[in-house]
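> With the input below, show me the fold.
(chains A, B and C)
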Amino acid sequence: MPELPEVEVTRRSFADAIRGATVHSASLGKPLRWPLGPEPGVLAGRRVLAVRRRGKYLLLDLDEGLLLIHLGMSGSLRFAPTLPERGVHDHFELQTDRGLLRLHDPRRFGAVVWAADEADPRARKLLGGLGAEPLGEDFDFDAFHAGLRASRMPIKQLLLGGKVVVGVGNIYASEVLFLARIRPTAPASGIGPQRARRLHAAIREVLARAVERGGSTLRDFASTDGNAGHFQLEANVYGRAGLPCKVCGAPVRLLRQGQRSTYFCAACQRP
DNA sequence: CAGTGGGCCTGAGTGC
DNA sequence: TGCACTCAGGCCCACT
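All right, here's what the predicted structure looks like:
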């Protein structure tokens, strides 16, 4: 579910409030994608120093160790002084002196993983292969273009892979390629400097705009305060198969790439 | 080596 | 109403 903008919106919604909090206790529900590692009891007494984001992972820095939180396809976090009674899909809770942090994740593709530090193999396994942060300083055009040239994968699948740039999920991949006027099936290595420039800019533009809009709410995304996002209201192609392209009026087309839906305009987006 | 497809889960929606 | 089926925002890993 959540792509980079949703994760960033989530982070911003509770980072300040939880900073400095002391953990009283932690508890697990049903198994998530990966085990926490140690017993949840080791979190008792820890202080939360900061909440950072790397790709679609949230990093809770503790005074000893850190927690890597991934929302998977259906995960969401709430943080508040008190929350309603715990439900069957609430699979992780961190009780602190500033409130309760709760992970709600019906499909359980998400995870909460403890690591001693970022060099810990447990953290490196998850963060090690990640590409550039699209909204950060390190999203360098030359490196990006070199990443494209090195792969013959269809550009949409390369973007989803997260090795070149992180955070572009299935919704935003379609939107970004529409804005850059590039066909999703185009081999990455064949994208010239001109089009690569447009793509590089489109990634920043679409993701930054989605963050401003509070993310997308397709099914059940909500930030930790429970509010919905609004970006999907301005999607140009995602979820609009058969409807007229907002630019040229041609019907938006739908195709499958690697078991995922891709939306595009055949008139606006050249192969 | 790069690239593909299976699988992890549950819930919502559709068609019969 | 019930059942069978498809699909959904991610990502690791076994395989070709």
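> does A:Ala111 really touch A:Gly72, like I thought?
Yes. The pair A:Ala111 and A:Gly72 passes the contact test of CB atoms under 8 Å, sitting 7.0 Å apart. (Glycine included, C-beta is placed from N, CA and C.)
> okay, and the common contacts of these two?
Counting by CB atoms under 8 Å, 6 or more residues apart in numbering, the residues touching both A:Ala111 and A:Gly72 are A:32-33.
> Which one of the two is surrounded by more residues?
Neighbour count, other CB atoms under 10 Å: between A:Ala111 and A:Gly72, A:Ala111 has more, with 23 against 18.
> Quick one, grab the pLDDT at that one.
A:Ala111 carries a pLDDT score of 96 in this model.
> For DNA strand C, see how far away it is.
Distance from A:Ala111 to DNA strand C, counting by CB to the nearest atom of the strand, to the nearest Å: 9 Å.
> Phi and psi next, for that residue.
Dihedral pair for A:Ala111: phi -160, psi 150, per degrees, to the nearest 10.
> what's the distance between the residue nearest to A:Pro193 when sequence neighbours are not counted and DNA strand C?
If the residues on either side of it in the chain are set aside, A:Pro193 comes closest to A:His145, at 6.6 Å by CB to CB, 6 or more residues apart in numbering. A:His145 is 22 Å from DNA strand C, where distance means CB to the nearest atom of the strand.
> and if you look at A:Gly162?
5 Å.
> For that residue, which non-adjacent residue is closest in space?
A:Gly131 (5.7 Å).
> what's the neighbour count on whatever residue of the stretch 51-200 of chain A ends up closest to DNA strand C?
Taking CB to the nearest atom of the strand, DNA strand C has its nearest neighbour within the stretch 51-200 of chain A at A:Gly169, 2.1 Å off. Neighbours of A:Gly169 under the rule other CB under 10 Å: 22.
> In contact with A:Asp97, which residues?
A:21-22, A:24.
> all strands for the stretch 101-250 of chain A, in order.
A:111-115 (DSSP state E, counting those that start in this stretch).
> Report the contact partners of the residue nearest to A:Gly162.
Per CB under 8 Å, 6+ apart, neighbours of A:Gly131: A:55, A:147, A:162-166.
> before we move on, the earlier item: export the contacts of A:Asp97 as JSON lines, with columns for pLDDT, secondary structure and distance to DNA strand C.
Output for the contacts of A:Asp97, formatted as JSON lines (pLDDT from 0 to 100; DSSP: H, G, I helix; E, B strand; the rest coil; distance: CB to the nearest atom of the strand, whole Å):
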{"residue": "A:Ala21", "pLDDT": "98", "secondary structure": "coil", "distance to DNA strand C": "26"}
{"residue": "A:Thr22", "pLDDT": "98", "secondary structure": "strand", "distance to DNA strand C": "29"}
{"residue": "A:His24", "pLDDT": "98", "secondary structure": "strand", "distance to DNA strand C": "30"}
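> ok, so of those, who is nearest A:Ala241?
A:Ala21 (45.1 Å; CB to CB).
> State the number of residues packed around the closest one.
Neighbour count of A:Ala21, defined by other CB under 10 Å: 19.
> ok, A:Arg47 - how many residues close by?
Using other CB under 10 Å, A:Arg47 is surrounded by 15 other residues.
> beta partners for it?
Beta-bridge partners of A:Arg47, counted by DSSP bridges, are A:Thr22.
> What pLDDT is listed against it?
98.
> So it sits against A:Ala21, correct?
Yes. Counting by CB under 8 Å, A:Ala21 is a contact partner of A:Arg47 at 7.1 Å.
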